[in-house]
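Q: Just to be clear, the model below is a prediction. Sequence and coordinates:
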Amino acid sequence: MTSITGLTLKKTQITRRQMLHSSLIAAGATAISTTSNSAYGGQPQVKLQQGDVILFQGDSITDARRARKSEGQANNSLGLGYGYPLLIASNLLETHPKLALKVYNRGISGNKVPDLQKRWQKDCLDLKPAVLSILIGVNDMWHKMNGKYDGTVKDYQTGFTALLKETKTALPDTTIVICEPFALRCGAIKASWFPEFDERRAVAKEVAQTAGMLWVPFQTMFDEAIAAGTKPEYWAGDGVHPTLAGHALMGQTWREVVGI
């Protein structure tokens, strides 16, 4: 038995994944703990209620190697993955201990808008989230560049619009948060991605604003961080998948915009 700050704990073997989760929580706690001085938000947009469900949806950026076998368990650190959903969840649960919030991550690596549509009932609507966060779009471009998908910017717009319309019809009281797809100019991101990727980002913003949904400007956030003197690789090594610092910054900005 080992005593740590007055608590008696059993010695257990710490797996690499558990160590990574602990590091993320520690590194992100300070970064996302304060939302009063928001650069992107302002007044709180959402008032959380007892037992509210908060759901994160998207592709590998959101998935962050979450454990599928734990996805049905709310607030499970392995089920939340190692990225920004874990950091946001850990801070929300600490901030609102009496609300019994339930946070889930249903992001799936490689997903495009059409993939979300196929699993939306089970992985979104059935969960009845009070707050739904969606980050989708980079694979719609990445897979096209790899010759594995031929969806156009118009297809992205049409599919995303239809998905959000379906969601609002089924869940009229849900606060929907649309996160800006981003690509930093390093790693796998080449000049050939542009200007089409920027067109897709513009479409995502247009869709969100037309539907009256909250908009989290991740690309703007990273662009500003890079302009302040850091290299793109510091935030996302391959230009798409965030580093620890990138996920922490995403968590901070998300909370500032949503106001919780």
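A: Arrived safely, thanks for sending.
Q: mind checking the SS state of the residue nearest to I134 when sequence neighbours are not counted?
A: Among residues not flanking I134 along the chain, Q57 sits closest, at 4.8 Å (CB to CB, 6 or more residues apart in numbering). C-betas here are computed from N, CA, C, even on glycine. The three-state label given to Q57 by DSSP: H, G, I helix; E, B strand; the rest coil is strand.
Q: And Q57, what's its pLDDT?
A: Per-residue confidence for Q57 comes out at a pLDDT of 98.
Q: Quick check: G246 is in a helix.
A: Yes. Applying three-state DSSP, one finds G246 inside a helix.
Q: ok, it touching F222?
A: Yes. Look at G246 against F222 with CB atoms under 8 Å: they come within range, at 7.4 Å.
Q: could you pull out the strands for the stretch 51-200 of the chain?
A: For the stretch 51-200 of the chain, the strands defined by DSSP state E, counting those that start in this stretch cover 53-58, 102-105, 131-135, 175-179.
Q: So, low pLDDT: which residues of the stretch 1-150 of the chain?
A: 1-44 (pLDDT under 70).
Q: Swap in 90 and give it another go.
A: 1-46, 140-150 (pLDDT under 90).
Q: what do you get for the stretch 151-260 of the chain?
A: 151.
Q: hmm, back to that, any residues in contact with both of G246 and F222?
A: By the contact definition CB atoms under 8 Å, 6 or more residues apart in numbering, G246 and F222 are jointly contacted by 235-236.
Q: what's around D223, how many residues?
A: 15 (other CB atoms under 10 Å).
Q: Next up, the contacts around it.
A: Here D223 is in contact with no residue (CB under 8 Å, 6+ apart).
Q: That one: which element?
A: helix 218-227 (DSSP states H and E).
Q: With only the CA atoms kept, save that helix in PDB.
A: What follows is helix 218-227, C-alpha atoms only, in PDB (Å, rounded to 0.1, in the frame of the first residue of the first chain):
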ATOM      1  CA  PHE A 218     -10.800  25.800 -34.700                       C
ATOM      2  CA  GLN A 219      -9.000  26.800 -37.900                       C
ATOM      3  CA  THR A 220      -9.000  30.400 -36.800                       C
ATOM      4  CA  MET A 221      -7.800  29.400 -33.300                       C
ATOM      5  CA  PHE A 222      -4.800  27.400 -34.700                       C
ATOM      6  CA  ASP A 223      -4.000  30.100 -37.200                       C
ATOM      7  CA  GLU A 224      -3.700  32.700 -34.500                       C
ATOM      8  CA  ALA A 225      -1.600  30.400 -32.300                       C
ATOM      9  CA  ILE A 226       0.800  29.800 -35.200                       C
ATOM     10  CA  ALA A 227       0.900  33.500 -36.000                       C
END
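Q: what separates that helix from the chain centre, distance-wise?
A: 16 Å (CA atoms, centre = their mean, to the nearest Å).
Q: Please apply the same query to stretch 168-188.
A: With CA atoms, centre = their mean, you get 8 Å for stretch 168-188.
Q: quick one: terminal-to-terminal distance for that stretch?
A: 35 Å (CA to CA, to the nearest Å).
Q: Which positions in that stretch come out as buried?
A: 171, 174-184, 186 (16 or more other CB atoms under 10 Å).
Q: Check stretch 105-124 too.
A: For stretch 105-124, by 16+ other CB under 10 Å, it's 105-108, 111-113, 116, 120, 123-124.
Q: Distance across that stretch, terminal residue to terminal residue?
A: Start-to-end, stretch 105-124 (CA to CA) is 10 Å.
Q: residues making contact with it?
A: 55-64, 66, 71, 79-81, 85-86, 127, 132, 134-137, 139-140, 143, 149, 151, 155-156, 159-160, 162-163, 166-167.
Q: Much appreciated, bye for now.
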